[in-house]
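In: Next input, structure requested:
(3 chains)
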Amino acid sequence: MNSGVWAITFDLIREALARRWILALLLAMTLVLGGMSLGLSVEVVDGALAATRLFGTSLDNDIRAADVALRPVFEAAAYVIFYGGLCFGILACSDFVPSLLAPGRIEHLLSLPVRRSALIIGTYGGVFLVMAGLAAYGALGFTVVLGLKTGVWTPRLLAAALLAVITFAAIFGVMVTAAVFVRSSALSALAGGALCLAGLFSGNRDQLLPMFEPGKERTAFEIFCVFFPPVAAIARAAGDLAASLPIDRDLLLRQLAGLLLFGAAAVAVGIWRFEQKDF
Amino acid sequence: MRRLRWLALAVALFVAAAWLMSGPSRPESAVVAAARDIAVPRHPTHEEFLRRTQRATIVENLPPTEADDAPTVRRYDPLLVALPPTAPGQTVLVVEANAIRYSALGERVIGCLLQRDRKEYDEVVEKLGIDPFEDIDRIGGTDQLLTISGNFERLHFEGLSTETTRPYGDHGQLVTEGSRVIGLWKNELLLISADRQQVEAAIDRLEGRAERSTAPLAEGVAYGEIYGNLSPEALLDLVPAENRARFAEKLQRAAQQIELHVNVQEDVAMVATIRGEGGEALTDLSKSLGAALALGRLSAANGGEPDLAEVLDLAKVRPPSSDHGDAELEAELVLPRALLEKHLAEVCDPAVPAAD
Amino acid sequence: MWAVEAIGLEKDYRRPFGKSSRALAGVTLSIPRGSIFGLLGLNGAGKTTFIKTLLAVVRPSRGSVRVLGGSPELPEVRAKIGYLPERSYYPPTATALTHLRSIARLKGLAPSPGELERLLERVGLVVNSAKVASYSKGMTQRLGLAAALLGRPELLLLDEPTDGIDPLGRLEVRRILVEERARGATVVLNSHLVAETERIADRVAILSGGRVLREGSLHELVRPTSSWRVRFAGAADSQALAELGFTPLSGGAYSLQAPDPEALNRTLEQARARGAWLIELTAEGHGLEEELVRLLGPGEPS
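Out: Residues are numbered from 1 along each chain as shown, chains lettered A, B, ... in the order given. Sure thing, here's the model as predicted:
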């Protein structure tokens, strides 16, 4: 990447970290983690979780291996990070590109010795890094709190967070392009939300397909699914990964590669349009 | 034209992304996916209720009571009546052999067995005159008596022994083979014991000459393909040898009765309910069982059996609830067909048909 | 040697439903290096669009433009340009220093904090931690000017640089622009303030409807005048002055008709000899503003 991209990325990160939304999320995550570390009480006997209490309330009556018993917790944390992160990202990051394209700002940026593509790629990269940082903070916090409480140390929550960030990368690619076409944070968020929703269908296509009659309807649904990221499937994989459940590694890697290419393709459409635009 | 490069790149990337994302949407281990959906036996199914009703072929007309002028009819399941009364904590088990034989898993296992030992099997059929896989319905047993129900009309009963058979009661025949005494009742029940009195007492109960209500298993617990009570010692036999010593003392201290129900259909699902006086001993036992499962899972994972480890992940120990003053704990385990299939495949061909 | 060479520049903006509007209708202009060039015209004349085409912010529909010898599409060409947009937008959390640092990074520059502070002082801003969001319009204009001056650009494109700046500040801005010209930079100035342009511009172009109506040096644009407005110190002898041809006006001023500079100076010498000391002399009727009104006023082509 050239220096222009880095400069844009750096500026965006600095701008993002000064935003109230982002600061509020960081504060909220810190409070939740702090609350968990104070309120969660677990009893581990010979590697088995004998009792779990959150603020004195028993959570699960079954006695199982600690890492197995904590799976629902890790799984829930992964889902919270995944879907919570996507929702937050769609809302909080919908304004970055419209703000970049704000009258007065974009003319000035375009007058600088930076390629137009670098402006979009730099903004995209900056948002990606901000979301990756936030997801890593949340996942690392959960890992440390649960690790200290139970002795179960697993990096799988971080891996689950990575899946969330890669999924967001695909969604944000579409948001960038939407904002380039129509400079509106609301429409950008709407595009992200719609893609996320389509991804829920696409990610459950194996279960939904039998509901369609064989023929045109089913073919249309299959084609629809092919062009949208399987968000629900990646979320499931994130949950399974966090819960130490087996996953189809090859399939997951293939889907992740598809997501990254989808995001890149969406950004390329945005750059194509951006290159044509007058400001 | 230069700007069209981005559009061309986008199209190429979209096509590549669509190809990569076109695979199946649900990446999940077949074993775990199957295990999640397996129901454990906690109560009789409708089919089991009907089956139980049909099996109650002994009809006893009770005399009218003061409260009810009409004669009361009581029906008994002959196999359960034949089983001798047992003290609490002793083993009494019933195996639904025919149901297992005609289950998907049973067909696969029998196909596998016949593939290996067809000749021996044919010899047994010729010697006994019956086909064990076809003619046996259930097998029930205690420490003193083994009871087998089925269709024994073609059984070469005399051929079993060098001694002559002698009749006993209205419908019974007895024969002694070595140290064992074998009784045949109405061509539908085989009674085997080392103690002649146990066989005779069973026939007496069947024919109404002795109290029938002493059956060690209530009809209400007759569900699953294997059910009954296990003694703590019998349960210990199921625990891996290296953990047996540490469990023996805790089990003896805490458990008074262990009720077992196992479903053997497409998959295997087991629930063991351990009853005792409650208190710390039972809670302590539940913790030890939980720890044993954790160790077993780790051992399976380290021993190159990830599927078994995954299945043990789904095993549960539910300790006695202190809030409700429970005096029982539950342990449940499921073994999906996919996992069992892997082990079967090690000893026989995967595509062996079931016995005819 | 030209800093800007525009030939037949046209720009059509497509609007939804097939309509389009023409912002530039064949602008041909050459701006010499080392000069201050003023762009004048009414609103919608195409001045801002023209400046944006010099930065490739707006792509011309037809025609060609070369800036500093190259295409403005090239980043290396834009690296030599400083630009102050008509409207400025700053991230709400930026301070003057962080904004300048950000622009410097994007320009590939690495100025020291001292350099940035001196630049801010040059445009009349105090270096502190105040957010740009709290700045007045004039202060944001000064900051925009500082950003444009970063890296000593060869070409300065300034769109309404004194908009919102107080009179004293305007003087400072003019001084800076003259200093930049002295350094060798070319300044293209788009301003509504005709008098301001007139004071410092070497050449001027008057645009209307996307066309260049007139273009040339101030001397070429402003026609020689024979009418002068004169004011003398103290109580001059009005009768004596009337004999010399001075016609009294309101407020103690006089009007004088002189066909050429020689006649003007001779008459003024005669007035001084009679005790009338000159304190103000203004050419009447044919300044740049009058020329603009003549060209763009009612009844004139626009």
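In: rest of the way, CA atoms for contacts and neighbours
Out: Fine.
In: tell me the pLDDT at residue 179?
Out: With no chain named, the answer covers chain A. pLDDT for A:Ala179: 96.
In: wrong one, chain B
Out: So B:Ser179 comes in at 82 (pLDDT).
In: and it, what are its phi and psi?
Out: When read as degrees, to the nearest 10, the backbone of B:Ser179 gives phi -90, psi 0.
In: Disregarding residues adjacent in the polypeptide, which is nearest to it?
Out: B:Ala194 (6.0 Å; Cα to Cα, 6 or more residues apart in numbering or on different chains).
In: Could you report the neighbour count for C:Met1?
Out: Neighbours of C:Met1 under the rule other Cα atoms under 10 Å in any protein chain shown: 11.
In: Could you do B:Leu50 as well?
Out: 11.
In: That one: which element?
Out: Here B:Leu50 sits within helix B:46-55, counting by DSSP states H and E.
In: sorry, back to before: surely the residue nearest to B:Ser179 meets B:Gln144?
Out: Yes: the criterion here is Cα atoms under 8 Å, and B:Ala194 meets it with B:Gln144 at 7.4 Å.
In: In three-state terms, how would C:Thr282 be classified?
Out: strand (DSSP: H, G, I helix; E, B strand; the rest coil).
In: scratch that, C:Val204 is what I was asking about
Out: strand.
In: and C:Leu268, how far is that from C:Ser238?
Out: Between C:Leu268 and C:Ser238 the computed distance is 14 Å (Cα to Cα, to the nearest Å).
In: Comparing those two, which residue is more hemmed in?
Out: C:Leu268 (19 against 15).
In: What distance do you get for A:Ala161 to C:Gly34?
Out: Going from A:Ala161 to C:Gly34 by Cα to Cα gives 57 Å.
In: Compare these two and say which one has the larger neighbour count.
Out: A:Ala161 (33 against 20).
In: quick revisit: ramachandran angles for the residue nearest to B:Ser179?
Out: phi -80, psi -10.
In: How about the contacts made by it?
Out: B:Gln144, B:Leu145, B:Ser179, B:Arg180, B:Val181 (Cα atoms under 8 Å, 6 or more residues apart in numbering or on different chains).
In: Name the residues of the stretch 101-250 of chain A found near chain C, please.
Out: A:Ala102, A:Pro103, A:Gly104, A:Arg105, A:Glu107, A:His108, A:Leu110, A:Ser111, A:Leu112, A:Pro113, A:Val114, A:Arg115 (Cα under 8 Å from any Cα of the partner chain).
In: wait, isn't the fifth one in contact with C:Pro85?
Out: Looking back up the chat, that one is A:Glu107. Yes: using Cα under 8 Å, A:Glu107 is in contact with C:Pro85, at 6.9 Å.
In: quick one on the thing from earlier: buried ones in the helix holding B:Leu50?
Out: By 16 or more other Cα atoms under 10 Å in any protein chain shown, the buried positions in helix B:46-55 come out as B:Arg52.
In: which secondary structure element contains residue 38?
Out: No chain specified, so I'll use chain A. Going by DSSP H and E, A:Leu38 is part of helix A:20-39.
In: My question was about chain C, not that one.
Out: Here C:Gly38, judged by DSSP H and E, is contained in strand C:36-41.
In: got the CA coordinates for that strand in PDB?
Out: Provided in PDB are the C-alpha atoms of strand C:36-41 (Å, rounded to 0.1, in the frame of the first residue of the first chain):
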ATOM      1  CA  ILE C  36      -1.600  36.600  -9.400                       C
ATOM      2  CA  PHE C  37      -4.600  35.800 -11.600                       C
ATOM      3  CA  GLY C  38      -8.100  36.900 -10.700                       C
ATOM      4  CA  LEU C  39     -11.300  35.200 -11.700                       C
ATOM      5  CA  LEU C  40     -14.300  37.400 -11.600                       C
ATOM      6  CA  GLY C  41     -17.900  36.800 -12.400                       C
END
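In: Poorly predicted segments of the stretch 151-279 of chain A, please.
Out: A:210, A:214 (pLDDT under 70).
In: any idea how far the residue of the stretch 1-150 of chain C found nearest chain B is from C:Val65?
Out: Of all residues in the stretch 1-150 of chain C, the one sitting closest to chain B is C:Glu73 (12.1 Å; Cα to the nearest Cα). Distance from C:Glu73 to C:Val65, counting by Cα to Cα: 10 Å.
In: which of the two has more neighbours?
Out: C:Val65 (25 against 22).
In: OK, contacts around B:Val21?
Out: For residue B:21 the amino acid is Met, not Val. A:Val226, A:Phe227, A:Pro229, A:Pro230, A:Arg254, A:Gln255, A:Gly258, A:Leu259.
In: got the buried residues for stretch B:11-23?
Out: Buried residues in stretch B:11-23 (16+ other Cα under 10 Å): B:Val11, B:Leu13, B:Phe14, B:Val15, B:Ala16, B:Ala17, B:Ala18, B:Leu20, B:Met21, B:Ser22, B:Gly23.
In: Can I get the residues you listed in TSV including secondary structure and pLDDT?
Out: Listed next are these as TSV, based on DSSP: H, G, I helix; E, B strand; the rest coil; pLDDT from 0 to 100:
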residue	secondary structure	pLDDT
B:Val11	helix	94
B:Leu13	helix	94
B:Phe14	helix	93
B:Val15	helix	92
B:Ala16	helix	93
B:Ala17	helix	92
B:Ala18	helix	90
B:Leu20	helix	89
B:Met21	coil	87
B:Ser22	coil	82
B:Gly23	coil	70
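In: Check what pLDDT the closest residue to C:Thr95 other than its chain neighbours gets.
Out: Spatial nearest neighbour of C:Thr95, chain neighbours left out: C:Lys131 (4.5 Å); criterion: Cα to Cα, 6+ apart. Model confidence at C:Lys131, given as pLDDT, is 89.
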